[in-house]
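In: Next comes the sequence, and after it the predicted model I'd like to discuss.
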Amino acid sequence: MSDAKKQEMIKAIKDAVMVEIKGQQLYHHAATKTDDPQARAMFEMLAKDEDDHVNILMNQYKHLMQEGKIDLADVHPGEVDHGSNPVINDDFKKALQRGEFEMAIIGIGCDLERRAIAYYTEQAAKAEDAGLKQLFTWLVEWEDGHLEQLMELEKIYQDAYWADQGFSPM
């Protein structure tokens, strides 16, 4: 692999780490600030997922720096539960409190997840290295799961907000 290609791959991974850290920090902060135990559980789950993504990306960065290649041998996508954990169930919906803070964080989270999906989709499309392409493809799938959960949660919060404001039924 040429040095230019290696540097391009390193930059893509470093940029991906920054994408993940933004979500990680948002969700960690939200988990510590919310008074709603249900929202806290959701934010903690999302923060953990983003922690996992940072770790996966940092391991790939190290492989790339030390060995000059991506090594996905220790990445087992079937074991990565992102987006499949049924946090938003009927019990969750019934117990959910109505907070504007949580609604705002969820909206910001949706924006971050959309940007992450767009970045990873772009990187997967232009990656010449099969390992890097696969890594970004997995990240798209995982972040898409996050986005689906957040969009469902966003609708629940928005509906509750409008109901509290006397605009129900809509």
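Out: Perfect, I can see it now. Numbers count the residues shown, from 1 in each chain.
In: Work out which residue lies at the spatial centre of this structure.
Out: In the chain, the residue lying closest to the centroid (C-alpha atoms, centre = their mean) is Glu143, at 4.4 Å.
In: Which neighbouring elements make contact with the helix or strand containing that residue?
Out: If you go by DSSP states H and E, Glu143 is part of helix 130-164. Helices and strands in packing contact with helix 130-164 are listed as helix 3-33, helix 37-67, helix 100-126; criterion 3 or more C-beta pairs under 8 Å, 6 or more residues apart in numbering; DSSP states H and E. All C-beta atoms are positioned from the backbone trio N, CA, C, and that covers glycine.
In: for the first one, what is the average pLDDT?
Out: The one in question is helix 3-33. Helix 3-33 shows a mean pLDDT of 94 in the predicted model.
In: helices or strands up against that helix?
Out: Packing partners of helix 3-33 (3+ C-beta pairs under 8 Å, 6+ apart): helix 37-67, helix 100-126, helix 130-164.
In: how far off helix 130-164 does the shortest one point, in degrees?
Out: Going back to what we said before, that points to helix 100-126. Helix 100-126 and helix 130-164 are oriented at 160 degrees to each other (axes from the mean of the first three to the mean of the last three C-alpha atoms, to 10 degrees).
In: ok, and for helix 100-126, which residues are buried?
Out: Residues 102-103, 105-106, 109-110, 112-113, 116-117, 119-121, 123-124 are the ones in helix 100-126 that count as buried (16 or more other C-beta atoms under 10 Å).
In: and if you look at stretch 31-42?
Out: For stretch 31-42, the neighbour count (16+ other C-beta under 10 Å) marks 31, 34, 36, 38-40, 42 as buried.
In: cool, stretch 46-62 as well?
Out: By 16+ other C-beta under 10 Å, the buried positions in stretch 46-62 come out as 46-54, 56-57, 59-61.
In: For it, C-alpha coordinates in PDB please.
Out: The C-alpha coordinates for stretch 46-62 follow below in PDB (Å, rounded to 0.1, in the frame of the first residue of the first chain):
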ATOM      1  CA  LEU A  46     -26.400   4.800  23.300                       C
ATOM      2  CA  ALA A  47     -23.300   6.100  25.100                       C
ATOM      3  CA  LYS A  48     -22.100   2.500  25.600                       C
ATOM      4  CA  ASP A  49     -22.600   1.800  21.900                       C
ATOM      5  CA  GLU A  50     -20.600   4.900  20.900                       C
ATOM      6  CA  ASP A  51     -17.900   3.800  23.400                       C
ATOM      7  CA  ASP A  52     -17.800   0.500  21.600                       C
ATOM      8  CA  HIS A  53     -17.500   2.300  18.200                       C
ATOM      9  CA  VAL A  54     -14.600   4.400  19.500                       C
ATOM     10  CA  ASN A  55     -12.800   1.300  20.700                       C
ATOM     11  CA  ILE A  56     -13.300  -0.500  17.400                       C
ATOM     12  CA  LEU A  57     -12.100   2.500  15.500                       C
ATOM     13  CA  MET A  58      -9.100   3.000  17.800                       C
ATOM     14  CA  ASN A  59      -8.100  -0.600  17.400                       C
ATOM     15  CA  GLN A  60      -8.200  -0.300  13.600                       C
ATOM     16  CA  TYR A  61      -6.200   2.900  13.800                       C
ATOM     17  CA  LYS A  62      -3.500   0.900  15.800                       C
END
